Structures are given as structure tokens and as C-alpha cells.
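# let me see the structure of the following:
(2 chains)
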2 protein chains.
Amino acid sequence: MKLATLPDGTRDGRLHVVSRDLTHCAPAEVPTLQALIEDWEGLSGALIAQYEALNGGGGQPFDPAAALAPLPRAWQWLDGSAYESHGELMQQVFDLPPNPKGRPLMYQGLSDRFLSGTEDVALPSEEDGIDFEGEFGVILSRVPMGADAATAAAHIRLIVLINDWSLRSIAPIEMKTGFGWVQAKPASAMAPVAVTPDELGRAWHDHRVDLPLAVDWNGARFGRAEGHAMTYGFDELVAHAARTRELVAGTVLGSGTVSNPDFRKVGSSCIAERRAIEMLDQGAPQTGFMRFGDRVRMECTLRDGTPLFGVIDQKVVKP
Amino acid sequence: MKLATLPDGTRDGRLHVVSRDLTHCAPAEVPTLQALIEDWEGLSGALIAQYEALNGGGGQPFDPAAALAPLPRAWQWLDGSAYESHGELMQQVFDLPPNPKGRPLMYQGLSDRFLSGTEDVALPSEEDGIDFEGEFGVILSRVPMGADAATAAAHIRLIVLINDWSLRSIAPIEMKTGFGWVQAKPASAMAPVAVTPDELGRAWHDHRVDLPLAVDWNGARFGRAEGHAMTYGFDELVAHAARTRELVAGTVLGSGTVSNPDFRKVGSSCIAERRAIEMLDQGAPQTGFMRFGDRVRMECTLRDGTPLFGVIDQKVVKP
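Below you'll find the model as predicted:
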């Protein structure tokens, strides 16, 4: 099933079922994604039937550029850093302490709004080191405290594509305090369509997205990293998050920036990683961060080209 | 004005105006605290009139123990660590890096629920180092991105008393990653009554609460630290948080555990601080963390005994 949220004047928008090819949509029988995720067991069946009918024809044209984030605001956003090649590179270049063994990295971030996939990103200063981060996320139904990975996996209801905006001049200062990021992590954006795991077919396995994430910066190819290389699957990330808290329905949990060990070949999903590679290879970073007016585009389709999440295509602007 | 939220079967509860002496209450003309804070300018005037009338008599008896948290869930919870005596002690004992000069410490925490002031706290294991943290918090109307301290101050609408539950065995492990706390910071609790700053009279100055916080553990006095000793006032904490993000209406911002330089005399607002003092004075911590069945009580009144926030009195239990 594919779902999107269209604007209706409210903060949560109006949930729509979207056809598999992302050309048509219809108002869902449940008004919002939050309402659906709070009673997934009770409500998703009717929506799946509605989705199957829509794939047979009918509905209205779907304009992904008009959509809000599938979940325009969430009660909780927890972001991991599950791609070891990215983490190890950052530790090497920035002399960070090694990650405790057997523990995923994770922070809690701003969740009161997720920007739409095509929304301009107003950030105060180019001096802050404006960076994108392409990553996958899952939207969860309520997860009980202490859930193990298998229990956690059963609460992964939807997969989304996320651009986790980051300010790299502030990040290391906040990181050194041990308190995590506040100023360095403004609102993230979501691609317009959330999909159930079955839409990925065999590309969803081991609780990971086994597909490449295409990232382009100002129209030039920047990265095509594969999503499968997570050290911890989403099931394990969810279990980690639920160790001492019940996870509220509608929690969004992110993978961290998608990265592969052969990053010199496939490229990166954030500028910080490319700069770290340049520091290793050339002694100093060569690539600057984003400037006002710059655009970043992200897309992940099935390998046969079937669309999944739609496109993130955002411009950085002065407030 | 004093406000509380009583249970009505919904997640946000029903907002009530509470008499100055906390003996009576009446359903507010605005249904929820979130609705009020989203349009404070438009709605608070009528409520203040209602509050003044209630102080003249009428209403129903107010049972603080039956109240929910004034804001049972929030879109954002940002917690500072603004008491320098606490921070410096922790840095000294745990060999932490010094805080960057001129930058408050702050992390984003779990906000999808705030426990009531008398709600049992179910935590998975005594081995996690269960600790309370008494602190003050403010509830904000929408703060624009880039607001300076003076602008920020104008958005401080309500003051609350918070018990920020912490798991001290996990905290240093998460802190070392630089990502901040997820497992170490389960849901916090709020005392039953939120008050406007004018209710503190001269005890609200320099954007700080100039009152002692009484903390008792299992009926024994634990701390009576004064609230005024913040290195950064709430105005500066809010401005720090708003540097790169608009703060959503209903953001709760905390002071961090209340602490004074003469902590050996006035005591502490969390066990971790007492243990750090014992490490300095006796070479090793003497006080253990909380056990299942333990209670913590927190209260802050005006110096003449006039009640403000009501009482936090919580028991730690096995889930």
C-alpha cells in the first residue's frame, strides 16, 4: 500500500491512498496517517482494499509536488546512525571515540514538523555548514517497552525516505558536550509517499531496504549508495529505542545517512562524508557545503524503475 | 493564573482553571492547554477573567492527585543543564570535557507523554541506576527562528515543576557517543499545576525561579536547592533553542537539575549529584540509586507557603 498526505488546511493534512504507479490517489477512509497508525490492526485492512481498487482504475490525478510529508508532524523522531562505513570514516577523520560495541547510535530530534519533499528549507546562515543527509525511515505502531527485535519488527508499518537537514559547523560543538544535537539538526523532510514493506518485494529483507538511494546536488550525481549495508536492521534499532520506553504510535525511526564501504565508487548521501573522504585522500576537504539557492534531489525506486516514495527535491533559501 | 488538566478519556485531557490556593477548579473556556498555548494572545484574557472569578468563590473541589500533567504530551521537550554547580561537579568527577564557553547545554528528549505528578514510574531494571531530577520548566508559545533573548522571554507563558527521570548506568555510555540520551531518559513527570510567571511575584526575576525546590526521598529530606542559580536564564535557553528552528507552540523547556554551589549544605535535586559529592569527599559514592517501591517527593511554594505547582510524589515500580 502507498499513502500520501495532501494539504487540507489542518496541521495533519488529509490522508490519501496512492496508486502503485503514483499517478492517482483517493481520500483514504481514515482521515490522517496518525489516526491510521494508532489503530493499524483495525484500520489498515479497509485501506488496503481501497488501494487495490485504486490500482484497478479511478481516483484523481496525484501530484506528488503538492503533497505534505506523509506524517507532517510526529510525536517522536529517533534517528540512528546504522551505516558502519559512515560512522567509522567520521571517527577516523574527526578523532571521535569508537562506538560502544553492540549498541546502535541514536539521538532524538525535532519531530513537531516534517517538511514536504519539495518544500524550501529556510536556514539562518551559510556559515553553519548546510548539509543534506539521505536516509530511510520507518513509521511504527505502538511498541511496548522492552520489545525484542522480533516484536519490534512487527510494528514496522511504513517505510519513508528522509532528508535529515544538518548544520555541520555546529554539529561537532554540540557533539562534544555529549548532549546530542539541537541547533545542528533543524527540521527534516520526507518524500511524499509512505509505503508498506511489501511494496519493496524482495528488496525488503533482514529489515533493511536493499535498494540504491540516488542523491543529486544541483543536478549533478552525488551518491548512489545501497541501502542494505546497515550494521543494525530496523528491527534492532526499534528494539534499542524501546529498551526503557514505550514507543508512541507514529514514532519515526531513521537509519542515518546511507553509506557503503566503497564510498569512493558509489558516492555519499551527505556532503560531510564526501569531505571526510577528501580529508583522507587529499589532506583537506575540497567540497564546500550548500549555498542559498542550491538544490538537493533524492529518489529511491525499485530496480525495475517502479516508483516508491516519490522524489525529494528541495532548495535551500534565506529565511 | 493557575491551570491544571483533568482526565476526560482523551490523551490531552480537559483544561481547568485552578484557584490560587489550589482548593477549587473549573473547566476552562479553552478545552486543552495545547489549544490555549497555540493562541495565547487570543484566549488567555478570558481565562484570566475566569481565574479571577474562581478566586472569589465557586467551582468544584480540586484534587491535585487526580490531575494529569498540565500538558500530558508535547510536540517538543528540550532540557537544558543550566546550573553551573551541577555541571562543574559532574565534569570534575566524571572527567567530562568542559562545556563550550557561552553555550548552554541542551538535549531533546521524550515528549510524547509527561507522567502526572503522582503516577507510578515503571522502569525495567534497578540495575539501570534509577534517579530523579528536580527541575523547573517553561511552556512556550510559538517562538520564531532566530529570536533573541528578549523576544524569547515574551513567549514564556507558563512555569511548571518537572521530575526528569534518568537512568544513570546508561547515561555515560550514551553521552560518550555524542548523540545524547535515548535509553537513559525515559518519560518525565510534571507537577499538577502550571502557573503564569506573575503568580511567582518577585520570585520570578531575571527569567529565573527564585524559590527553593524541596526534594524528599522516601520521606527524608534530600535537597532544598534554590532555583535562582542558573548560569543562563530561561530567556537565554529559549533563544539558544531557537537559533536554527522555530519552536512549536507548546514546547516545554527545562532548566536541568536544580543545584547550588553550596550543595553540601542545601543538598541536591538528584542522586547522581549526591554521589558525585561523595566521590569527591569520601573517594567513592555511598548512596545507591532508587529501588522499586521507593518514592520521591518534590514541591516548590512561595516563601510564605502559598502553593504553586502542587506536589510531585511518585513511586518507582516494576513494569
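
# and whichever residue of the stretch 101-250 of chain A sits closest to chain B, what's its pLDDT?
Here the stretch 101-250 of chain A gets closest to chain B at one residue, residue A:180, 2.2 Å apart by CB to the nearest CB. Where C-beta positions appear, they are placed from N, C-alpha and C, glycine not excepted. We have a pLDDT of 97 for residue A:180.

# let me see the ranges of the strands in the stretch 51-200 of chain A.
Secondary structure of the stretch 51-200 of chain A by DSSP state E, counting those that start in this stretch: the strands cover A:60-61, A:77-80, A:106-109, A:121-122, A:130-131, A:134-140, A:156-163, A:166-167, A:189-190, A:194-195.

# mind listing what the residue lying closest to residue A:248 once chain neighbours are set aside touches?
Of all residues beyond its chain neighbours, the one nearest residue A:248 is residue B:112 (3.9 Å), with distances taken as CB to CB, 6 or more residues apart in numbering or on different chains. Applying CB atoms under 8 Å, 6 or more residues apart in numbering or on different chains, we find residue B:112 in contact with A:75, A:76, A:248, A:251, B:73.

# at 6 Å instead, please
When the contact criterion is CB atoms under 6 Å, 6 or more residues apart in numbering or on different chains, the partners of residue B:112 are A:75, A:76, A:248, B:73.

# ok, residue A:25 next?
By CB under 6 Å, 6+ apart, residue A:25 lies in contact with A:16, A:18, A:59, A:62.

# dihedrals phi and psi, it?
phi -150, psi 170 (degrees, to the nearest 10).

# any idea how far chain B is from it?
Summarising the geometry, the distance separating residue A:25 from chain B, computed by CB to the nearest CB, to the nearest Å, is 27 Å.

# can you pull up the bridge partners for that residue?
On the basis of DSSP bridges, residue A:25 takes part in beta bridges with residue A:18, residue A:60.

# from the contacts of residue A:25, which is closest to chain B?
When those are compared for distance to chain B (CB to the nearest CB), residue A:16 wins out at 23.7 Å.

# does residue A:261 touch residue A:86 like I think?
No. With contact defined as CB atoms under 6 Å, residue A:261 and residue A:86 do not form a contacting pair (9.8 Å).

# ok, the residue nearest to residue A:248 to residue B:180 distance?
Residue B:112 sits 17 Å away from residue B:180, taking CB to CB, to the nearest Å as the criterion.

# show residues contacting the least confident helix or strand in chain A by mean pLDDT.
For chain A, the helix or strand with the lowest mean confidence is helix A:84-94, at a mean of 91 (criterion: mean pLDDT, DSSP states H and E). Defining contact as CB under 6 Å, 6+ apart, one finds that helix A:84-94 is touched by A:81, A:231, A:257, A:259, A:260, A:261, A:273, A:276, A:279.

# CA atoms of that helix as CSV?
Provided in CSV are the C-alpha atoms of helix A:84-94 (Å, rounded to 0.1, in the frame of the first residue of the first chain):
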residue,chain,number,x,y,z
GLU,A,84,29.2,1.5,9.8
SER,A,85,31.2,2.8,6.8
HIS,A,86,29.9,6.3,7.5
GLY,A,87,30.5,6.0,11.3
GLU,A,88,34.0,4.6,11.0
LEU,A,89,35.0,7.2,8.5
MET,A,90,33.7,10.0,10.7
GLN,A,91,35.5,8.5,13.8
GLN,A,92,38.8,8.3,11.8
VAL,A,93,38.7,11.8,10.4
PHE,A,94,37.3,13.6,13.4
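
# list the buried ones in that helix?
Buried residues in helix A:84-94, counting neighbours by 16 or more other CB atoms under 10 Å in any protein chain shown, are found at A:84, A:85, A:86, A:87, A:88, A:89, A:90, A:93.

# measure the second one to chain B for me?
Here the criterion is CB to the nearest CB. By it, residue A:85 lies 17 Å from chain B.

# likewise for the fifth one?
As defined by CB to the nearest CB, residue A:88 lies at a distance of 14 Å from chain B.

# what segments of the stretch 201-319 of chain A are helices?
Counting by DSSP state H, counting those that start in this stretch, the stretch 201-319 of chain A forms helices over residues A:234-241, A:263-266, A:271-282, given from the N-terminal end onward.

# export only the CA atoms of stretch A:15-23, formatted as PDB.
Extracted in PDB, the C-alpha atoms of stretch A:15-23 (Å, rounded to 0.1, in the frame of the first residue of the first chain):
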ATOM      1  CA  LEU A  15      -4.500  11.000   4.200                       C
ATOM      2  CA  HIS A  16      -4.800   9.600   0.700                       C
ATOM      3  CA  VAL A  17      -4.300   6.200  -0.800                       C
ATOM      4  CA  VAL A  18      -1.900   6.500  -3.800                       C
ATOM      5  CA  SER A  19      -1.800   4.100  -6.800                       C
ATOM      6  CA  ARG A  20       1.200   1.800  -7.100                       C
ATOM      7  CA  ASP A  21       2.500   3.900 -10.100                       C
ATOM      8  CA  LEU A  22       2.000   7.200  -8.100                       C
ATOM      9  CA  THR A  23      -0.300   8.600 -10.800                       C
END
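
# low-confidence ranges, the stretch 201-319 of chain A, go.
The model of the stretch 201-319 of chain A has no residue with pLDDT under 70.

# can you show me the strands along it?
In the stretch 201-319 of chain A, the strands defined using DSSP E, counting those that start in this stretch lie at A:204-205, A:208-209, A:212-217, A:220-226, A:252-254, A:295-299, A:312-317.

# who in chain A is up against chain B?
Where chain A comes near chain B, counting by CB under 6 Å from any CB of the partner chain, the residues are A:75-76, A:97, A:100, A:105-108, A:112, A:124, A:146, A:173, A:175-180, A:182-183, A:186, A:243-245, A:248.
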